[in-house]
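Chemist: turn this into a structure:
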Amino acid sequence: MPAVRSLPLVFATALVLSAAMSPPAIAAPSTGQITWVTDVDSVTASDTDVTSVGADKDAAYAGTSSGQVVAVEPAGGTPIWLTALGGPTLEITGLATARNRLVAGSTDGHLATLDAATGVILWITDVAGVLGAPSTVTATAADKEHAYAGTSDGHLVALDADSGEVRWVTTPGALGVTALATGKDRLIAGTSDGHLFTLDASTGAILWITDVAGVLGTPAAVTATIADNQHAYAGTSDGHLVALDADTGQVEWVTTIPGGPTLAITGLAADKDLVAGTSAGTVISLDPNSAAVAWVTDVGGGSAVAGVSAVKGRVYAGVEQGLLAALD
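Modeler: Down below sits the predicted model:
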């Protein structure tokens, strides 16, 4: 069955948002100060939630509950383009960047790749159709060679970055994939039953599995993951952050984020420091080796952080109530 469709741009336009504020120069070291906030609702001209966040050196991106993706420039949050991937009932479930491209997953089981500079849709693949199941794409990741989709029924799918053709499919666990990240030619996947998997990004072969929930002694889901050269990190639904050796999966440290086990970690990013977003609307910066907290900033005012991304010392946080914030 044909699973790939090459489509023209659905909707992309540049808008000016008066609410975006001009920032000072990026500070070093990071302090967690909010530099600007963009009202994504104003950009989309709708009452929408921010559901996912991505960033590269040229832009920050927000996916929404109404199926739209917004790109804003990093200096002040001014909109660059807006692309609609579907109707108002479709939700963007994940964003990832690689090689000047933006990968977006959605609740209707599709994975799309857009030109990051223009928002033009390069390809869309019906992942649910490939699997022959009514799957939702629940997590996305990308590297130079592949775009990756994790699904609600536990599948991992790797697609060619240029064409959207499926390269491999694997099912590492019985429950849904809740988080994806890439690092060191590997794909890291978290699941709703509390496991963290590392796979060979080229073949899908499983390299190691760690039962994070078992280590914690709680029925926690892995709700966020990220990786650097030394570690894979798992954030959980009960506020734990776990660092594991990238090569072996051995646990190196465990910490509970400020706010404790009543909070979920809703996003992780790694740049100079490790950054976590939470269900309480806070963004937390930690030392990746010791877990020492550098700063905590409330960006949500009680509304959950929908995702975080970090590039060149700047942190971007999406807030469910329709905001995208930059922190330095």
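
Chemist: partner residues bridging residue 200?
Modeler: With DSSP bridges as the criterion, residue 200 is bridged to residue 186.

Chemist: residues near it, how many?
Modeler: Residue 200: 13 surrounding residues under other C-beta atoms under 10 Å. (C-beta placed from N, C-alpha, C; glycine too.)

Chemist: contacts only, for it.
Modeler: Neighbour list for residue 200: 185, 186, 187, 207 [criterion: C-beta atoms under 8 Å, 6 or more residues apart in numbering].

Chemist: so what's residue 297 up against?
Modeler: Residue 297 neighbours (C-beta under 8 Å, 6+ apart): 32, 33, 34, 282, 283, 284, 327.

Chemist: apply 7 Å and report the result again.
Modeler: 32, 34, 282, 283, 327 (C-beta atoms under 7 Å, 6 or more residues apart in numbering).

Chemist: cool, residue 133 as well?
Modeler: So residue 133 contacts residue 153 (C-beta under 7 Å, 6+ apart).

Chemist: would you mind measuring from it to residue 109?
Modeler: From residue 133 across to residue 109, the span is 8 Å (C-beta to C-beta, to the nearest Å).

Chemist: kindly report the same for residue 322.
Modeler: 25 Å.

Chemist: next one: residue 179
Modeler: Applying C-beta to C-beta, the value for residue 179 to residue 109 is 18 Å.

Chemist: looking at the two, which one has more neighbours?
Modeler: residue 179 (28 against 23).

Chemist: re earlier: next, format the contacts of residue 297 as a markdown table and append neighbour count, secondary structure and pLDDT.
Modeler: Shown next, in a markdown table, are those (neighbours: other C-beta atoms under 10 Å; DSSP: H, G, I helix; E, B strand; the rest coil; pLDDT from 0 to 100):
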| residue | neighbour count | secondary structure | pLDDT |
| --- | --- | --- | --- |
| 32 | 19 | coil | 95 |
| 34 | 17 | strand | 97 |
| 282 | 22 | strand | 96 |
| 283 | 27 | strand | 97 |
| 327 | 25 | strand | 97 |
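
Chemist: what's the farthest-apart pair in these?
Modeler: 34 and 282 (12.0 Å; C-beta to C-beta).

Chemist: not counting its neighbours along the chain, what's nearest residue 31?
Modeler: Take residue 31 and drop its neighbours on the chain: the residue closest to it by C-beta to C-beta, 6 or more residues apart in numbering is residue 295, 6.1 Å away.

Chemist: pairing partners for the one you found in the sheet, please.
Modeler: Counting by DSSP bridges, the residues bridging with residue 295 are residue 285.

Chemist: separation between it and residue 194?
Modeler: Distance from residue 295 to residue 194, by C-beta to C-beta: 28 Å.

Chemist: show me what whichever strand or helix holds residue 97 is packed against.
Modeler: Using DSSP states H and E, residue 97 maps to strand 92-98. The contact analysis (3 or more C-beta pairs under 7 Å, 6 or more residues apart in numbering; DSSP states H and E) places strand 92-98 against strand 50-55, strand 60-64, strand 101-106, strand 137-142.

Chemist: okay, now the unreliable bits of the stretch 1-150 of the chain?
Modeler: Residues of the stretch 1-150 of the chain meeting the criterion pLDDT under 70: 1-29, 88-89.

Chemist: now do 80
Modeler: 1-30, 86-89 (pLDDT under 80).

Chemist: do I have it right that residue 116 meets residue 102?
Modeler: Yes: if you go by C-beta atoms under 7 Å, residue 116 and residue 102 touch, sitting 4.7 Å apart.

Chemist: quick one on the thing from earlier: of residue 295 and residue 194, give the one with the bigger neighbour count.
Modeler: Higher neighbour count among residue 295 and residue 194: residue 194, with 26 against 16, using other C-beta under 10 Å.

Chemist: so what's the more buried one up against?
Modeler: If you count contacts by C-beta under 7 Å, 6+ apart, residue 194 has them with 211, 212, 213, 219, 220, 221, 222.

Chemist: against residue 234, how distant is it?
Modeler: 9 Å.

Chemist: between those two, what contacts are shared?
Modeler: Contacts common to residue 194 and residue 234, judged by C-beta under 7 Å, 6+ apart, are 212, 222.

Chemist: excluding chain neighbours, what is closest to residue 168?
Modeler: residue 204 (4.1 Å).

Chemist: what is the neighbour count of the one you found?
Modeler: 18.
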